[in-house]
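Asker: Have a look; sequence and predicted model below, questions after that.
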Amino acid sequence: MYSLALWEFLALAAASILVGFSKTAVSGANTVSLAVFAAVLPARESTGVLLPLLIVGDVLAVGTYRRHAHWGTLLRLFPAVAVGVVVGTVFMLWAGDAEVRASIGAILLLMAGVTVWRRRAAARAAAPEVPAADGAGARLKAGSYGVLGGFTTMVANAGGPVMSLYLLSAGFRKLGFLGTSAWFFLIVNVAKVPFSVSLGLIDGRSLLLDALLALFVLPGAYIGKACVDRINQRLFERLVIAATVLGGLQLMLR
């Protein structure tokens, strides 16, 4: 196992709780978890440790919101996401810890900007339950968001804000958003496992740590499910953005 001080394990445990919470309440909030994992563990290896925990959260989210997915949107996204995952895998083949750390920091800062844009776009949107009918513009938007989402999720497990922006801009309301997002990330994250294993990011040592940290994902998901209808999302997203910016800067300047 990794040699961790008590405070480091507690930081990872808190980040794991936030993984579960983000999957059932505020999608994209696990960018804070990403920053914590990359700060406590070697940046490159942290992506492999975090991935199984995200899958645990995805399973819990699908169990909660599975009936609200919009499969037409998912099928439109998956080909472009696959391209992004392959590009991200090629990047990880040559990138060392310093490059991955800087990339994660830059992605976090980009995602913070994306989240601000997302919130402003959502405030202006009329928001039907499902997106409008397919067209050339919709396919182009799905392709561009899909490639970026696939790359960011492969390199840094940071595809959440990209997909959040896409789903909100497509006009999803809360339940449709959570259901579609839950299935999307379960399928994509499971598909990433062979790539992560081949890159040496997931091994016996990382899975032992995951077995402990998964215990903290469960209460986080339960808290998120209980709070999703009560949470002051505007305040929480502001805190998430601030923490994401600080985490990104810390990684880039470390």
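Answerer: Noted; the coordinates are in hand.
Asker: List the contacts of the residue most central in space within the chain.
Answerer: Centrality entry for the chain: nearest residue to the mean C-alpha point is residue 160, 3.6 Å, by C-alpha atoms, centre = their mean. Residue 160 sits next to 22, 27-31, 111, 181, 185 when contact means C-beta atoms under 8 Å, 6 or more residues apart in numbering. Glycine gets a C-beta too; all of them are placed from N, C-alpha and C.
Asker: what do you get for residue 188?
Answerer: Per C-beta under 8 Å, 6+ apart, neighbours of residue 188: 78, 81, 85, 150, 153, 159.
Asker: Okay, helices next: where are they in the stretch 1-150 of the chain?
Answerer: Ranges of helices within the stretch 1-150 of the chain are 6-24, 31-40, 43-65, 71-94, 97-124, 136-156, based on DSSP state H, counting those that start in this stretch.
Asker: Isn't residue 31 up against residue 159?
Answerer: No: here residue 31 does not reach residue 159: they are 10.1 Å apart, not a contact under C-beta atoms under 8 Å.
Asker: These two: which has the busier surroundings?
Answerer: Remark: of residue 31 and residue 159, residue 159 carries more neighbours, 32 against 28, as counted by other C-beta atoms under 10 Å.
Asker: Tell me how far the residue lying closest to the more buried one once chain neighbours are set aside lies from residue 33.
Answerer: Closest residue to residue 159 apart from its sequence neighbours, by C-beta to C-beta, 6 or more residues apart in numbering: residue 153 at 3.1 Å. Distance of residue 153 to residue 33, computed by C-beta to C-beta, to the nearest Å: 14 Å.
Asker: try residue 238
Answerer: Distance, residue 238 to residue 33, using C-beta to C-beta: 18 Å.
Asker: what do you get for residue 76?
Answerer: In terms of C-beta to C-beta, residue 76 sits 28 Å off from residue 33.
Asker: Compare the two and say which is more crowded by neighbours.
Answerer: residue 33 (30 against 19).
Asker: Pretty sure residue 117 sits against residue 165.
Answerer: Yes: using C-beta under 8 Å, residue 117 makes contact with residue 165 at a distance of 6.6 Å.
Asker: who's more crowded, the two?
Answerer: Of the pair residue 117 and residue 165, residue 165 is the one with more neighbours under other C-beta under 10 Å, namely 22 against 14.
Asker: what angle do the helix or strand hosting the more buried one and helix 43-65 make?
Answerer: Assessed by DSSP states H and E, residue 165 sits inside helix 160-169. Orientation of helix 160-169 against helix 43-65 (axes from the mean of the first three to the mean of the last three C-alpha atoms, to 10 degrees) gives an angle of 40 degrees.
Asker: Which is the succeeding secondary structure element to helix 160-169?
Answerer: Next element after helix 160-169 (DSSP H and E): helix 174-198.
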